[in-house]
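Trainee: build the 3D model from these lines:
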Amino acid sequence: MSNLSYLFIAFLITWVVIAGYLWMLGRQVQNLKDEVESLTEGTEFGIDVPERTGRADLDSPAIGSRQS
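Mentor: Okay, the predicted model is just below:
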């Protein structure tokens, strides 16, 4: 095989790997979107989810903080 054939094969393999990686990332993003949607709905566990105001609620304790 000539050097040009090796170059073409390397080029093809590179694009197949990039396409596979992008496909995998797309699947992960879709899975995360689905998970976020199910968590924000809150209907699975009967949780009342407050409406977002666009700013932090400074009166509520931080997540994971201990209350005495």
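Trainee: can we go C-alpha only for contacts and neighbour counts from here?
Mentor: OK.
Trainee: below-threshold pLDDT in this protein: ranges please.
Mentor: 42-68 (pLDDT under 70).
Trainee: how about the helices in it?
Mentor: 3-41 (DSSP state H).
Trainee: number of nearby residues for Val17?
Mentor: 11 (other CA atoms under 10 Å).
Trainee: distance of Ile13 relative to Met24?
Mentor: 16 Å (CA to CA, to the nearest Å).
Trainee: whoops, I mixed them up, Val17
Mentor: 11 Å.
Trainee: same deal with Trp15?
Mentor: 14 Å.
Trainee: would you put the C-alpha positions of stretch 31-39 in PDB?
Mentor: What follows is stretch 31-39, C-alpha atoms only, in PDB (Å, rounded to 0.1, in the frame of the first residue of the first chain):
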ATOM      1  CA  ASN A  31     -30.000  11.400  29.500                       C
ATOM      2  CA  LEU A  32     -29.100  14.300  31.700                       C
ATOM      3  CA  LYS A  33     -31.900  16.400  30.200                       C
ATOM      4  CA  ASP A  34     -34.400  13.600  30.900                       C
ATOM      5  CA  GLU A  35     -33.200  13.300  34.500                       C
ATOM      6  CA  VAL A  36     -33.300  17.000  35.100                       C
ATOM      7  CA  GLU A  37     -36.800  17.100  33.700                       C
ATOM      8  CA  SER A  38     -38.000  14.300  35.900                       C
ATOM      9  CA  LEU A  39     -36.400  15.900  39.000                       C
END
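Trainee: name the residues of that stretch that are buried.
Mentor: By neighbour count with 16 or more other CA atoms under 10 Å, stretch 31-39 contains no buried residues.
Trainee: can you start the count at 8 instead of 1 from here on
Mentor: Yep, numbering from 8; the last one is stretch 38-46 now.
Trainee: and for Tyr28, the neighbour number?
Mentor: A total of 12 residues lie near Tyr28 under the criterion other CA under 10 Å.
Trainee: one more: Glu48?
Mentor: For Glu48, using other CA under 10 Å, the count is 14.
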